[in-house]
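J.: Predicted model and sequence below, questions to follow.
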Amino acid sequence: MKSQISKEEFAYKLDRLREAIDAEQLLNLLGFKITHVTEKEVRAPCPIHGGSNKTSFRMNRDTKRWVCFSQHCHEDIGFGVIDLVKHMLNMTFIEAVRYLESITGIDIHDEFSYIEYKRNKDRREFIQQMDNRKIPPALTDEIYLKSFRKFRSDYFERAENGGFDNELLDLFEVGGGYVDKFGFQRDVIPIRDTTGRLLAYSCRDITDKADYAYKYLLTEGFDKDKVLYNLFKAKDYMGESRTLIVVEGFKSVWNLHRAGYKNAVACMGSIITQGQQHLLYSTAFNVIILFDGDEAGVKGTVRTLEDMGDKINVIPLFLPYTGKDPGDLTIEELHSIIGVVN
Ligand SMILES: [Zn+2]
């Protein structure tokens, strides 16, 4: 895989190829009937929709981007020159690049980089076609996560949403910029397995306009059984007593971390599933349960005692703050409830 070039490098090569294209020559080859050439543009009737307007099609001679002023054909096809070649000659992306190489004499050919680039491009196209009610699994990729991180909003920084600082949000790799199919923008919380492998995202609606049930969207197909959020880091902070604190949600893990409890994991609900129970048995000796201060949280805590109490030391803690969860509490409140661990 060493012969692969980076996305940036390939994008740069594509730019060189685009630069080398002579717009007039290309459009002639593609069967356009050019009517007008200016310093900036080449104009022609648009053969895509077949209209008679003599200048509805315009290609920029520098960027080779094009538009159709009559029927907006570029909106369906894409305004890039490769998009145009693909459409006009019924070619795949790679075929279109090779065609452009052949007419410009510029060889940017590199089999590996084509495959890599094509794979990413196909994935993007695939994603666009999907139902965005669930997060498309194809996005579960370190490269996408990296790009999400650039677009994190200030949602979780706001006092009413926890007031988490950038350093902490960076530590938990929180990203943003995901837009669901209803147009609601979401911040992105990556979920990793015990070894640190990226498994899924939970995406938080930052507009507070999504239905309550869709406040958080999970990656499609993600099964939280056998996964505890933050375990891959928390296991290094269990101390000699091998103690883990189990909370329900992501923000509770972050808040505990802020209060100095780096050994917190989230079961992402108010029950600890069978698979999660086994993870705990194989990792820890002591498990502190600190669920939300509501009915589900209390029930979940009782059920955890029943399920796990005879297999591992379970320490149930009940929040005296009705309606609040560990993510809402001050550091002092957390210290007074949890005390000293390790
Ligand atoms: Zn058109």
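T.: In hand now; what should we look at?
J.: Beyond the worst-scoring helix or strand of the chain on mean pLDDT, next helix or strand please.
T.: Across the helices and strands of the chain, mean confidence by mean pLDDT, DSSP states H and E is lowest for helix 111-129: a mean of 55. Next helix or strand after helix 111-129 toward the C-terminus (DSSP states H and E): helix 142-149.
J.: Next to the ion, which bits of the chain? Give me the list.
T.: Listed as neighbours of the ion in the chain under the rule C-beta under 5 Å from the ion: Cys46, Ile48, His49, Cys68, Gln71, Cys73. To be clear about C-beta, it is placed using only N, CA and C from the backbone, and glycine gets the same treatment.
J.: which among those residues end up buried?
T.: Using 16 or more other C-beta atoms under 10 Å as the burial test, those include Cys46, Ile48, Cys68, Gln71, Cys73 as buried.
J.: Can you name the two of these that sit furthest apart?
T.: Maximum pairwise distance in those, criterion C-beta to C-beta, is 7.7 Å, between Ile48 and Gln71.
J.: shared neighbours of those two, anything?
T.: Taking C-beta atoms under 8 Å, 6 or more residues apart in numbering as the contact rule, Ile48 and Gln71 touch no residue in common.
J.: coming back round to it: looking at the buried ones among the residues of the chain next to the ion, which are in strands?
T.: In this view, these that belong to strands under DSSP state E are Cys68.
J.: Now, the buried ones among the residues of the chain next to the ion that are in helices?
T.: Cys73 (DSSP state H).
J.: Give the other helices and strands that the helix or strand hosting Ser336 contacts.
T.: Per DSSP H and E: Ser336 is located in helix 331-338. Judged by 3 or more C-beta pairs under 8 Å, 6 or more residues apart in numbering; DSSP states H and E, helix 331-338 is in contact with helix 250-258, strand 286-290.
J.: TSV for these, including mean neighbour count?
T.: Formatted as TSV, these follow (neighbours: other C-beta atoms under 10 Å):
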stretch	mean neighbour count
helix 250-258	23
strand 286-290	23
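J.: Any chance of a markdown table for those, columns mean pLDDT?
T.: Formatted as a markdown table, the helices and strands packed on helix 331-338 follow (pLDDT from 0 to 100):
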| stretch | mean pLDDT |
| --- | --- |
| helix 250-258 | 97 |
| strand 286-290 | 97 |
